[in-house]
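3D, please:
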Amino acid sequence: MAALTAGRNTPEFAEGGKIIVLPVAANTVIFDGSLVALDENGNAQPAAKETGLTAAGRAEEYVDNTGGAAGDKTIRVRRGVFVWDNTSVAANKVKPEHVLKDCYIEDDCTVTALADGSSRAGKVIAVTDDGVAVETL
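Next up, the predicted model:
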């Protein structure tokens, strides 16, 4: 490829990638506002405590793909920093000393410091009485 010799109108992708559209896994319901994860095939599902998932962000809409095949429906997912519930298990709570470290998925609205049997939710940005601010980028 040759270097540019004049200005180029370089397009921005999907609001800088803050909102992405993903195929929904077969026979899956995702609630708006929930933590969404991708399975090993790249299909969106509610985040859950299991290995091999990739955290995608927050669901921007409700999608019901019950009875549908993978990809029959899509979902808009916003990437960014969102406040999720902290686990109720005292020994596994995300604490202030976890800031800028990874936290892990417990379910579609809860994170934990326990990595065993789970997938990464993202980086802890803050821990407050309201929950855990997690960067999913």
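
Sheet partners, orientation included, of the strand ranked longest in the chain?
Looking across the chain with DSSP state E, the single longest strand is strand 120-128. Its sheet considered, strand 120-128 pairs with strand 102-107 (antiparallel), strand 131-136 (antiparallel) by DSSP bridges.

now what about the helix or strand that comes right after the first one, what contacts it?
So that's strand 102-107. The element immediately downstream of strand 102-107 (helix or strand, assigned by DSSP states H and E) is strand 110-112. The list of residues contacting strand 110-112 from outside it, by C-beta atoms under 8 Å, 6 or more residues apart in numbering, reads 84-87, 89, 92-94, 103-106, 118, 121, 132, 134. For glycine as for every other residue, the C-beta is placed from the backbone atoms N, C-alpha and C.

Domain boundaries for the protein, per the record?
Per the record, the chain has its domains at 15-78, 80-136, by automatic domain parsing.

right, and the ones you listed - which one's nearest residue 3?
Closest approach to residue 3 among these (C-beta to C-beta): domain 15-78, 24.9 Å.

Among the contacts of strand 110-112, find me the one that's closest to residue 50.
residue 118 (7.0 Å).

For that closest one, the count of nearby residues, please.
Per other C-beta atoms under 10 Å, the neighbour tally for residue 118 reads 20.
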